[in-house]
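Participant: Please work out how this folds:
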Amino acid sequence: MSETPAEILADPHRRYNPLSDEWVLVSAARTGRPWQGSHETSVNEDRPQYDPTCYLCPGNDRAGGATNPRYDGTFVFTNDFAALRPDSPTGRLEDGLLVAEGEQGTCRVVCFSPRHDLTLAGMTALEVGRVIDLWADQTAALGAIYRWVQVFENRGEAMGASNPHPHGQIWAGTALPVEAAREDAAQRRHFAATERRLLLDYVRQESGGPRVVVEGDDWLIVVPFWAAWPYETLIVAKAPVGRLPDVSEAQRATLGDALIELLTRCDNLFDHPFPYSMGWHQAPFDGDGHDHWQLHAHVYPPLLRSASVRKFMVGYELLAEPQRDLTAEEAAERLRAASATSSSRSRAGPA
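Facilitator: A predicted model of the protein is given here:
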(Lines give C-alpha, C1' and ligand atoms only; values in the text may rest on other atoms or scores of the structure.)
Protein backbone atom coordinates (compact mmCIF):
# COMPACT_ATOMS: atom_id res chain seq x y z
CA MET A 1 0.00 0.00 0.00
CA SER A 2 1.32 3.48 -0.86
CA GLU A 3 1.44 5.96 2.00
CA THR A 4 0.08 9.48 1.63
CA PRO A 5 2.40 12.51 1.96
CA ALA A 6 0.84 13.32 5.34
CA GLU A 7 1.56 9.81 6.61
CA ILE A 8 5.17 9.99 5.42
CA LEU A 9 5.80 13.35 7.07
CA ALA A 10 4.17 12.31 10.37
CA ASP A 11 6.75 9.60 11.06
CA PRO A 12 10.56 9.49 10.77
CA HIS A 13 11.53 10.40 7.21
CA ARG A 14 14.29 12.03 5.18
CA ARG A 15 14.06 15.36 3.36
CA TYR A 16 16.21 16.42 0.43
CA ASN A 17 18.07 19.73 0.34
CA PRO A 18 18.30 20.73 -3.35
CA LEU A 19 20.57 23.67 -2.52
CA SER A 20 23.37 21.53 -1.08
CA ASP A 21 22.48 18.12 -2.59
CA GLU A 22 22.23 16.59 0.88
CA TRP A 23 19.61 14.82 2.99
CA VAL A 24 18.38 15.39 6.55
CA LEU A 25 16.65 12.84 8.80
CA VAL A 26 13.50 14.21 10.48
CA SER A 27 12.39 12.45 13.66
CA ALA A 28 9.19 14.29 14.52
CA ALA A 29 8.20 14.72 18.19
CA ARG A 30 11.57 13.49 19.46
CA THR A 31 11.84 16.69 21.50
CA GLY A 32 9.69 15.00 24.16
CA ARG A 33 12.48 12.66 25.19
CA PRO A 34 13.93 13.05 28.73
CA TRP A 35 16.87 15.45 28.91
CA GLN A 36 19.61 15.18 31.51
CA GLY A 37 22.37 16.59 29.33
CA SER A 38 24.03 19.98 29.07
CA HIS A 39 22.12 23.17 29.81
CA GLU A 40 23.20 26.53 28.46
CA THR A 41 24.10 29.13 31.05
CA SER A 42 21.77 32.11 31.09
CA VAL A 43 23.64 35.26 30.07
CA ASN A 44 22.76 38.62 31.54
CA GLU A 45 21.98 40.89 28.58
CA ASP A 46 21.67 44.06 30.69
CA ARG A 47 24.72 45.75 29.22
CA PRO A 48 25.75 49.40 29.43
CA GLN A 49 25.58 51.63 26.36
CA TYR A 50 29.36 51.99 26.64
CA ASP A 51 31.78 49.49 28.17
CA PRO A 52 35.29 50.81 28.89
CA THR A 53 36.66 47.24 28.79
CA CYS A 54 35.13 46.38 25.38
CA TYR A 55 37.65 46.33 22.54
CA LEU A 56 34.92 47.21 20.01
CA CYS A 57 33.42 50.26 21.72
CA PRO A 58 34.31 53.71 20.30
CA GLY A 59 37.61 55.17 21.50
CA ASN A 60 38.76 51.97 23.21
CA ASP A 61 42.00 50.08 22.65
CA ARG A 62 41.65 46.82 20.74
CA ALA A 63 43.33 43.55 21.65
CA GLY A 64 45.84 44.01 18.82
CA GLY A 65 46.96 47.40 20.11
CA ALA A 66 45.12 49.78 17.76
CA THR A 67 42.67 52.35 19.09
CA ASN A 68 39.14 52.62 17.71
CA PRO A 69 38.00 56.00 16.46
CA ARG A 70 35.07 57.56 18.29
CA TYR A 71 32.69 56.33 15.60
CA ASP A 72 28.99 57.24 15.80
CA GLY A 73 27.54 54.86 13.22
CA THR A 74 28.97 51.69 11.69
CA PHE A 75 32.69 50.93 11.80
CA VAL A 76 34.86 48.46 9.85
CA PHE A 77 38.45 47.41 10.44
CA THR A 78 40.73 44.56 9.42
CA ASN A 79 40.66 41.82 12.04
CA ASP A 80 43.70 42.07 14.29
CA PHE A 81 43.88 38.26 14.31
CA ALA A 82 42.76 37.51 10.76
CA ALA A 83 42.33 33.93 9.54
CA LEU A 84 43.22 35.07 6.00
CA ARG A 85 45.95 37.45 4.85
CA PRO A 86 46.47 39.15 1.47
CA ASP A 87 50.21 38.41 1.48
CA SER A 88 50.04 34.67 2.12
CA PRO A 89 52.19 32.66 -0.31
CA THR A 90 50.38 31.11 -3.24
CA GLY A 91 51.16 27.80 -4.88
CA ARG A 92 50.16 24.19 -4.54
CA LEU A 93 51.70 21.23 -2.73
CA GLU A 94 50.95 17.68 -3.89
CA ASP A 95 52.45 14.58 -2.33
CA GLY A 96 50.30 11.58 -3.21
CA LEU A 97 47.07 11.98 -1.23
CA LEU A 98 48.46 15.01 0.61
CA VAL A 99 47.40 18.21 -1.15
CA ALA A 100 47.61 21.81 0.05
CA GLU A 101 47.36 25.20 -1.63
CA GLY A 102 48.03 28.72 -0.51
CA GLU A 103 45.02 30.94 0.19
CA GLN A 104 45.09 34.72 0.12
CA GLY A 105 42.33 36.85 1.57
CA THR A 106 41.31 39.22 4.31
CA CYS A 107 39.03 39.31 7.35
CA ARG A 108 37.17 42.39 8.49
CA VAL A 109 35.17 43.17 11.62
CA VAL A 110 31.94 45.13 11.16
CA CYS A 111 30.61 47.02 14.19
CA PHE A 112 26.89 47.55 13.71
CA SER A 113 26.52 50.35 16.25
CA PRO A 114 28.59 52.35 18.75
CA ARG A 115 26.14 51.24 21.44
CA HIS A 116 27.38 48.22 23.37
CA ASP A 117 23.89 47.26 24.55
CA LEU A 118 22.12 46.82 21.20
CA THR A 119 21.48 43.90 18.86
CA LEU A 120 20.16 43.92 15.29
CA ALA A 121 16.71 43.13 16.70
CA GLY A 122 16.91 46.13 19.03
CA MET A 123 18.12 48.63 16.44
CA THR A 124 15.90 50.92 14.41
CA ALA A 125 15.13 50.24 10.76
CA LEU A 126 17.35 53.17 9.83
CA GLU A 127 20.26 51.73 11.81
CA VAL A 128 19.83 48.24 10.33
CA GLY A 129 19.67 49.87 6.90
CA ARG A 130 23.10 51.36 7.50
CA VAL A 131 24.41 47.89 8.33
CA ILE A 132 22.93 46.49 5.10
CA ASP A 133 24.52 49.35 3.14
CA LEU A 134 27.85 48.54 4.75
CA TRP A 135 27.53 44.83 3.89
CA ALA A 136 26.85 45.83 0.26
CA ASP A 137 29.69 48.36 0.06
CA GLN A 138 32.20 45.95 1.57
CA THR A 139 31.03 43.17 -0.74
CA ALA A 140 31.59 45.36 -3.81
CA ALA A 141 35.04 46.49 -2.65
CA LEU A 142 36.26 43.02 -1.69
CA GLY A 143 34.65 41.40 -4.72
CA ALA A 144 36.90 43.50 -6.94
CA ILE A 145 39.85 41.60 -5.44
CA TYR A 146 38.63 38.22 -4.21
CA ARG A 147 36.47 35.42 -5.59
CA TRP A 148 34.27 34.79 -2.53
CA VAL A 149 32.94 37.33 -0.03
CA GLN A 150 31.34 35.88 3.09
CA VAL A 151 29.28 38.26 5.23
CA PHE A 152 28.26 36.76 8.57
CA GLU A 153 27.39 37.34 12.22
CA ASN A 154 27.85 35.08 15.24
CA ARG A 155 25.59 36.18 18.05
CA GLY A 156 25.85 34.84 21.58
CA GLU A 157 28.34 32.75 23.51
CA ALA A 158 26.60 29.54 22.38
CA MET A 159 27.67 30.36 18.82
CA GLY A 160 31.21 31.35 19.70
CA ALA A 161 30.85 35.13 19.81
CA SER A 162 33.90 36.44 21.66
CA ASN A 163 32.39 39.86 22.37
CA PRO A 164 28.74 40.90 23.01
CA HIS A 165 29.13 44.25 21.24
CA PRO A 166 26.85 44.20 18.14
CA HIS A 167 29.16 43.18 15.33
CA GLY A 168 29.71 40.76 12.47
CA GLN A 169 32.53 39.79 10.16
CA ILE A 170 33.36 39.66 6.47
CA TRP A 171 35.89 37.15 5.19
CA ALA A 172 37.02 37.23 1.57
CA GLY A 173 39.26 34.74 -0.21
CA THR A 174 40.54 33.53 -3.55
CA ALA A 175 39.01 30.04 -3.35
CA LEU A 176 35.35 29.02 -3.55
CA PRO A 177 34.55 27.42 -0.14
CA VAL A 178 32.90 24.01 0.12
CA GLU A 179 29.36 25.22 0.94
CA ALA A 180 29.51 27.89 -1.75
CA ALA A 181 30.72 25.38 -4.34
CA ARG A 182 27.85 23.00 -3.51
CA GLU A 183 25.26 25.76 -3.81
CA ASP A 184 26.81 27.05 -7.01
CA ALA A 185 26.71 23.59 -8.60
CA ALA A 186 23.12 22.92 -7.49
CA GLN A 187 21.85 26.26 -8.79
CA ARG A 188 23.71 25.79 -12.08
CA ARG A 189 22.14 22.36 -12.60
CA HIS A 190 18.64 23.66 -11.92
CA PHE A 191 19.09 26.66 -14.22
CA ALA A 192 20.51 24.49 -17.00
CA ALA A 193 17.47 22.20 -16.78
CA THR A 194 14.74 24.83 -16.35
CA GLU A 195 16.20 28.26 -17.27
CA ARG A 196 14.87 29.39 -13.88
CA ARG A 197 16.64 30.14 -10.62
CA LEU A 198 16.29 27.33 -8.09
CA LEU A 199 15.56 29.61 -5.14
CA LEU A 200 13.02 31.69 -7.04
CA ASP A 201 11.17 28.47 -7.83
CA TYR A 202 11.36 27.64 -4.13
CA VAL A 203 10.00 31.09 -3.22
CA ARG A 204 7.02 30.55 -5.52
CA GLN A 205 6.33 27.15 -3.97
CA GLU A 206 6.63 28.28 -0.34
CA SER A 207 4.91 31.69 -0.54
CA GLY A 208 1.96 31.80 1.86
CA GLY A 209 2.67 28.27 3.08
CA PRO A 210 3.07 26.61 6.49
CA ARG A 211 6.84 27.12 6.70
CA VAL A 212 6.74 30.89 6.18
CA VAL A 213 7.82 33.03 9.14
CA VAL A 214 7.97 36.50 7.55
CA GLU A 215 6.83 37.47 4.05
CA GLY A 216 6.56 40.79 2.25
CA ASP A 217 6.72 42.05 -1.31
CA ASP A 218 10.52 41.76 -1.51
CA TRP A 219 11.65 39.05 0.92
CA LEU A 220 10.58 35.59 2.04
CA ILE A 221 11.80 34.11 5.33
CA VAL A 222 10.99 30.44 5.86
CA VAL A 223 12.04 27.49 7.94
CA PRO A 224 13.20 25.54 4.86
CA PHE A 225 11.60 22.18 4.18
CA TRP A 226 15.06 20.61 4.53
CA ALA A 227 16.20 22.55 7.63
CA ALA A 228 18.70 20.71 9.83
CA TRP A 229 18.82 23.06 12.85
CA PRO A 230 15.57 23.30 14.90
CA TYR A 231 14.75 26.95 14.14
CA GLU A 232 16.90 27.41 11.08
CA THR A 233 15.59 29.99 8.62
CA LEU A 234 16.32 30.94 5.03
CA ILE A 235 16.04 34.55 3.83
CA VAL A 236 15.53 34.89 0.07
CA ALA A 237 15.03 37.87 -2.21
CA LYS A 238 11.76 37.41 -4.13
CA ALA A 239 13.02 39.12 -7.31
CA PRO A 240 16.14 38.13 -9.27
CA VAL A 241 19.21 39.47 -7.45
CA GLY A 242 22.66 37.92 -7.21
CA ARG A 243 24.59 39.97 -4.66
CA LEU A 244 24.07 42.45 -1.84
CA PRO A 245 25.28 45.44 -3.93
CA ASP A 246 22.48 44.63 -6.41
CA VAL A 247 19.76 45.07 -3.78
CA SER A 248 17.85 48.28 -4.47
CA GLU A 249 17.31 51.03 -1.91
CA ALA A 250 13.66 50.02 -1.55
CA GLN A 251 14.58 46.35 -1.12
CA ARG A 252 17.17 47.26 1.52
CA ALA A 253 14.51 49.09 3.52
CA THR A 254 12.14 46.10 3.50
CA LEU A 255 15.03 43.76 4.27
CA GLY A 256 15.80 45.78 7.40
CA ASP A 257 12.19 45.48 8.54
CA ALA A 258 12.15 41.73 7.83
CA LEU A 259 15.40 41.12 9.74
CA ILE A 260 14.15 43.04 12.77
CA GLU A 261 10.87 41.09 12.77
CA LEU A 262 12.57 37.70 12.40
CA LEU A 263 15.18 38.30 15.10
CA THR A 264 12.61 39.80 17.48
CA ARG A 265 10.41 36.72 17.08
CA CYS A 266 13.46 34.55 17.77
CA ASP A 267 14.27 36.48 20.96
CA ASN A 268 10.65 36.18 22.12
CA LEU A 269 10.37 32.45 21.34
CA PHE A 270 11.98 31.45 24.64
CA ASP A 271 11.98 34.95 26.16
CA HIS A 272 15.75 34.90 25.89
CA PRO A 273 18.40 36.50 23.65
CA PHE A 274 18.55 34.05 20.77
CA PRO A 275 22.04 32.89 19.72
CA TYR A 276 22.64 32.26 16.04
CA SER A 277 25.05 32.28 13.14
CA MET A 278 23.72 34.21 10.14
CA GLY A 279 25.47 34.54 6.82
CA TRP A 280 24.80 35.78 3.28
CA HIS A 281 25.49 33.63 0.23
CA GLN A 282 25.88 35.68 -2.93
CA ALA A 283 27.22 35.01 -6.40
CA PRO A 284 30.99 34.48 -6.58
CA PHE A 285 33.20 37.10 -8.21
CA ASP A 286 34.93 34.83 -10.70
CA GLY A 287 34.04 36.30 -14.07
CA ASP A 288 31.57 33.55 -14.95
CA GLY A 289 27.92 34.25 -15.74
CA HIS A 290 25.70 33.98 -12.67
CA ASP A 291 22.16 34.12 -13.99
CA HIS A 292 21.57 30.97 -11.94
CA TRP A 293 22.51 32.49 -8.56
CA GLN A 294 19.95 33.97 -6.15
CA LEU A 295 20.97 36.02 -3.11
CA HIS A 296 19.99 34.42 0.20
CA ALA A 297 20.99 34.20 3.84
CA HIS A 298 21.06 31.29 6.26
CA VAL A 299 20.24 31.72 9.95
CA TYR A 300 21.37 28.84 12.17
CA PRO A 301 20.25 29.05 15.82
CA PRO A 302 21.27 26.17 18.11
CA LEU A 303 18.43 26.24 20.69
CA LEU A 304 16.10 23.24 20.68
CA ARG A 305 13.37 23.18 23.31
CA SER A 306 14.18 26.06 25.67
CA ALA A 307 16.69 28.82 26.30
CA SER A 308 18.94 26.34 28.08
CA VAL A 309 18.66 23.19 25.93
CA ARG A 310 20.44 23.28 22.59
CA LYS A 311 20.72 20.98 19.61
CA PHE A 312 24.03 19.14 19.29
CA MET A 313 25.24 17.92 15.91
CA VAL A 314 27.03 14.83 17.20
CA GLY A 315 27.00 11.07 16.80
CA TYR A 316 24.69 10.20 13.92
CA GLU A 317 24.79 13.79 12.67
CA LEU A 318 28.59 13.79 12.45
CA LEU A 319 28.96 10.26 11.16
CA ALA A 320 25.94 9.83 8.88
CA GLU A 321 23.73 12.85 8.07
CA PRO A 322 21.98 15.73 9.87
CA GLN A 323 18.93 14.90 11.98
CA ARG A 324 16.28 17.20 13.45
CA ASP A 325 13.83 16.62 16.30
CA LEU A 326 10.80 18.65 15.21
CA THR A 327 9.38 19.34 11.80
CA ALA A 328 10.08 22.52 9.87
CA GLU A 329 6.34 23.21 9.86
CA GLU A 330 6.12 23.09 13.66
CA ALA A 331 9.20 25.29 14.04
CA ALA A 332 7.72 27.89 11.67
CA GLU A 333 4.40 27.82 13.53
CA ARG A 334 6.17 28.49 16.83
CA LEU A 335 8.14 31.38 15.35
CA ARG A 336 4.99 32.91 13.86
CA ALA A 337 3.28 32.63 17.23
CA ALA A 338 6.15 34.45 18.97
CA SER A 339 5.63 38.19 19.37
CA ALA A 340 7.15 40.49 16.77
CA THR A 341 7.24 43.31 19.33
CA SER A 342 10.38 43.80 21.38
CA SER A 343 9.73 44.07 25.11
CA SER A 344 13.23 45.31 25.88
CA ARG A 345 14.01 47.86 23.16
CA SER A 346 15.09 51.11 24.71
CA ARG A 347 16.58 54.15 23.11
CA ALA A 348 18.64 56.92 24.64
CA GLY A 349 17.55 59.29 21.89
CA PRO A 350 16.92 59.52 18.16
CA ALA A 351 19.12 57.47 15.83
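Participant: Show the residue spans covered by the helices in the protein.
Facilitator: 5-10, 125-143, 178-194, 198-206, 249-269, 316-319, 328-337 (DSSP state H).
Participant: can you pull the buried residues of the longest one?
Facilitator: It refers to helix 249-269. Neighbour counts over helix 249-269 (16 or more other C-beta atoms under 10 Å) mark 251-269 as buried. Heads up, the C-betas are built off the backbone N, CA and C, glycines and all.
Participant: which other helices and strands contact that helix?
Facilitator: Counting contacts by 3 or more C-beta pairs under 8 Å, 6 or more residues apart in numbering; DSSP states H and E, helix 249-269 packs against helix 125-143, strand 212-215, strand 219-222, strand 233-237, helix 328-337.
Participant: export the ones you listed to a markdown table and tack on mean pLDDT?
Facilitator: Supplementary listing: the helices and strands packed on helix 249-269 in a markdown table, determined by pLDDT from 0 to 100:
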| stretch | mean pLDDT |
| --- | --- |
| helix 125-143 | 98 |
| strand 212-215 | 98 |
| strand 219-222 | 98 |
| strand 233-237 | 98 |
| helix 328-337 | 95 |
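Participant: got these as JSON lines, with distance to A297 columns?
Facilitator: Shown next, in JSON lines, are those (distance: least, C-beta to C-beta, whole Å):
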{"stretch": "helix 125-143", "distance to A297": "10"}
{"stretch": "strand 212-215", "distance to A297": "12"}
{"stretch": "strand 219-222", "distance to A297": "9"}
{"stretch": "strand 233-237", "distance to A297": "4"}
{"stretch": "helix 328-337", "distance to A297": "16"}
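Participant: Identify whichever of these lies nearest to A192.
Facilitator: Nearest of those to A192, taken as C-beta to C-beta: strand 233-237 at 20.3 Å.
Participant: neighbouring strands for that closest one, and are they parallel or not?
Facilitator: Within its sheet, strand 233-237 is paired with strand 219-222 (antiparallel), strand 296-300 (antiparallel), according to DSSP bridges.
Participant: Distance check, L198 against P240.
Facilitator: Separation of L198 from P240 (C-beta to C-beta, to the nearest Å): 12 Å.
Participant: Looking at these two, which is more packed in?
Facilitator: Ranked by neighbour count (other C-beta atoms under 10 Å), L198 and P240 place L198 first, with 21 against 14.
Participant: how about the more buried one, what does it touch?
Facilitator: 18-19, 186-187, 190-191, 292, 294 (C-beta atoms under 8 Å, 6 or more residues apart in numbering).
Participant: can you check H167 too?
Facilitator: 56, 109-112, 153.
Participant: try 6 Å this time
Facilitator: 56, 109-111 (C-beta atoms under 6 Å, 6 or more residues apart in numbering).
Participant: Could you find which two of these are furthest from each other?
Facilitator: Applying C-beta to C-beta across the contacts of H167, the maximum distance is between L56 and V110, 10.1 Å.
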